[in-house]
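**Student:** the sequence isn't on hand, but the structure is:
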């Protein structure tokens, strides 16, 4: 006997699928994600997700974009603002980034996977350092130069600390101390000469 097909009706299935996928990623990997299993978890038919995501790649791209939005929000909430000065801002953003990375390692990996990211990401998570450098240059805290290039170096360093914090390489190390050392080294390089 065949089970009756489950109805499609769901308040916001697209958002629910992305949220449930993020929950599952906290316990597994991208390879473990199945739209059928997610549909089953949410009590809808296995075909219902196709109304929002034509294929797995579209779903993974949307999940990566959702991750960027969450990271952007976390960084924006952590930023104490231009008046705080460059060092406190870098430390706050670095700490927020490390918290996100350690809470969402598989999602972060997906966000940086070119095949999943789809189009480029231009949200605050990547443009935030540009404005941070511009503010620091205007205040005389950072040397002159292309803010985008300087911001890319900042972003790379902060991402490096976050990636190391989830990789297992830093077993027993004080990640916050490493972050402080990294920020201080970056500030030395940014200091006006």
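**Tutor:** Everything's here; your move. Just so it is clear, the structure is predicted and the values come from calculations on it, not from any experiment. Residues are numbered from 1 along each chain as shown.

**Student:** which phi and psi does the closest residue to residue 190 other than its chain neighbours have?
**Tutor:** Closest residue to residue 190 apart from its sequence neighbours, by CB to CB, 6 or more residues apart in numbering: residue 142 at 4.4 Å. Where C-beta positions appear, they are placed from N, C-alpha and C, glycine not excepted. In this entry, residue 142 is assigned phi and psi values of phi -140, psi 150 (degrees, to the nearest 10).

**Student:** is it true that residue 142 touches residue 150?
**Tutor:** Yes. At 6.8 Å, residue 142 and residue 150 qualify as touching, with contact defined as CB atoms under 8 Å.

**Student:** between the two, which contacts overlap?
**Tutor:** 133, 190 (CB atoms under 8 Å, 6 or more residues apart in numbering).

**Student:** quick one, helices of the chain?
**Tutor:** Assignment of helices within the chain using DSSP state H yields the ranges 13-25, 35-42, 56-78, 86-103, 105-112, 114-117, 124-138, 147-167, 175-190.

**Student:** quick one: residues contacting residue 46.
**Tutor:** Applying CB under 8 Å, 6+ apart to residue 46 gives the contacts 35, 36, 39, 40.

**Student:** by neighbours, which of these wins?
**Tutor:** Taking other CB atoms under 10 Å to define a neighbour, the member of the contacts of residue 46 with the most is residue 39, carrying 23 neighbours.

**Student:** which residues are in contact with that residue?
**Tutor:** Applying CB under 8 Å, 6+ apart, the residues near residue 39 are 6, 17, 45, 46, 47, 48, 49.

**Student:** name the nearest of the residues you listed relative to residue 104.
**Tutor:** residue 17 (16.8 Å; CB to CB).

**Student:** still on that earlier bit, can you list the contacts of residue 39 in CSV and add pLDDT?
**Tutor:** Rendered in CSV, the data for the contacts of residue 39 read as follows (pLDDT from 0 to 100):
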residue, pLDDT
6, 47
17, 93
45, 87
46, 82
47, 87
48, 87
49, 84
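
**Student:** make a markdown table out of those and add distance to residue 175.
**Tutor:** Compiled in a markdown table, the contacts of residue 39 are given as follows (distance: CB to CB, whole Å):
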| residue | distance to residue 175 |
| --- | --- |
| 6 | 44 |
| 17 | 32 |
| 45 | 44 |
| 46 | 41 |
| 47 | 44 |
| 48 | 41 |
| 49 | 37 |
